[in-house]
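A.B. asks: Build me a model from this:
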Amino acid sequence: MRAKKSLGQNFLVDENVVARIVRALAPRADETVVEIGAGRGALTARLVREVGRLVAVEFDRDLAPILQERFGLHENFALVQADALEVDFRDAISPAKTARVVANLPYNVSTAILQRLLAQRTCISELVLMLQREVVERITAPPGSTERGYLSVFVEAYCEAEKLFDVAPAAFRPVPKVWSAVIRLRVRERAEVESTDQDLLWRLVGAGFAQRRKTILNNLRSAPETLRVLFESRGGAGAALEAADIEARRRAETLTLAEWSRLARVLEGGA
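C.D. replies: Next comes the predicted model:
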């Protein structure tokens, strides 16, 4: 099967990289693993021999029957032909209550799939993902880094992140123009922002990073109307930042997760 540019497909062909990913996952015979984007089955062939149950999610309607023909005789293999952005993972892994996820995600939808997975994090304990290296650098960027953005804060709230290794373009067919990297995300038992209105928090973080060169104060003054109304109820964006003990001239990338949560609680009236 030739890769489809419309689906952002770059098939992993380097067996050494496959082996490193499987070692990083360290699959067990008593667990359920979800593989997103099974593709031509490079990872699938290794995983199906080592896990208790493998649920492979593949969007490509041409690849799905090939995967079913190749691996369907394994009693522990289940194929879900669907868009990962629409899959109910709790239902897909049933009767298991939790699963781990491994994936080589298409660059063009990797962030959206990651957010979808974390939205269903109650049934996911760990993720080992291959992403564009630039995305991994953003995820792991600490406060103060120029790479830090919305995704950094979002993932930090729900996961412990660890970059594992880089993957050269030559490991794929077709060969992409960028490097990839493998990252491990361990889902926290308790979110770092559990006491906060999380919908409000993420709207707030999104507004704070709207224009990276602006100060946090200027970005929040230009926030969507629903947020501006909340700020006005607290005396304005400047007053809310002061109440949260955040210097108004700072930029969004310097704020810690705790500071974002504190600012959200100010808007809720809880601080």
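A.B. asks: make it CA atoms for all contacts and neighbour counts henceforth
C.D. replies: OK.
A.B. asks: Other residues contacting stretch 121-138?
C.D. replies: Residues outside stretch 121-138 that contact it (Cα atoms under 8 Å, 6 or more residues apart in numbering): 21, 24-25, 89-90, 97-107, 110, 117, 147-149, 151-152, 163, 166, 178-188.
A.B. asks: Show the low-confidence segments of the stretch 101-250 of the chain, by residue range.
C.D. replies: For the stretch 101-250 of the chain, the stretches with pLDDT under 70 are 194-195.
A.B. asks: Show me where it has its strands.
C.D. replies: With DSSP state E, counting those that start in this stretch as the criterion, the stretch 101-250 of the chain has strands at 124-132, 159-167, 172-173, 180-187.
A.B. asks: Can you name every helix or strand that the last one contacts?
C.D. replies: In this case it means strand 180-187. Judged by 3 or more Cα pairs under 8 Å, 6 or more residues apart in numbering; DSSP states H and E, strand 180-187 is in contact with strand 124-132, helix 133-139, strand 159-167.
A.B. asks: how about the helices of the protein, start to end?
C.D. replies: 15-25, 42-47, 63-71, 89-93, 110-119, 133-139, 150-158, 198-208, 216-221, 225-233, 237-243, 257-268 (DSSP state H).
A.B. asks: and of the helices and strands packed on strand 180-187, who's closest to residue 213?
C.D. replies: Residue 213 sits nearest to helix 133-139 of all the helices and strands packed on strand 180-187, at 16.7 Å, using Cα to Cα.
A.B. asks: Would you indicate which residues of that closest one are buried?
C.D. replies: 133, 135-139 (16 or more other Cα atoms under 10 Å).
A.B. asks: Need these in JSON lines (columns: distance to residue 82).
C.D. replies: Listed next are the buried residues of helix 133-139 as JSON lines, based on distance: Cα to Cα, whole Å:
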{"residue": "133", "distance to residue 82": "26"}
{"residue": "135", "distance to residue 82": "24"}
{"residue": "136", "distance to residue 82": "25"}
{"residue": "137", "distance to residue 82": "29"}
{"residue": "138", "distance to residue 82": "28"}
{"residue": "139", "distance to residue 82": "26"}
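A.B. asks: Make a PyMOL selection of the buried ones in the contacts of stretch 121-138.
C.D. replies: Command for PyMOL that selects the buried part of the contacts of stretch 121-138, burial taken from 16+ other Cα under 10 Å:
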select buried, resi 21+24+25+89+90+98+99+100+101+102+103+104+105+106+107+110+117+147+148+149+151+152+163+166+179+180+181+182+183+184+185+186+187+188
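A.B. asks: Count the neighbours of residue 114 for me.
C.D. replies: A total of 17 residues lie near residue 114 under the criterion other Cα atoms under 10 Å.
A.B. asks: Now do residue 9, the pLDDT please.
C.D. replies: On pLDDT, residue 9 comes in at 67.
A.B. asks: Let me see the domain layout of the chain.
C.D. replies: Residue ranges for the domains of the chain, per automatic domain parsing: 5-187, 198-268.
A.B. asks: ok, the closest residue in space to residue 257 that isn't next to it in sequence to residue 209 distance?
C.D. replies: Excluding the flanking residues, the one nearest residue 257 by Cα to Cα, 6 or more residues apart in numbering is residue 153, at 6.2 Å. To residue 209, residue 153 is 11 Å away according to Cα to Cα, to the nearest Å.
A.B. asks: Who has more neighbours out of the two?
C.D. replies: Taking neighbours as other Cα under 10 Å, residue 153 and residue 209 compare with residue 153 leading, 25 against 20.
A.B. asks: residues touching that one, list them.
C.D. replies: 139, 205, 256-257.
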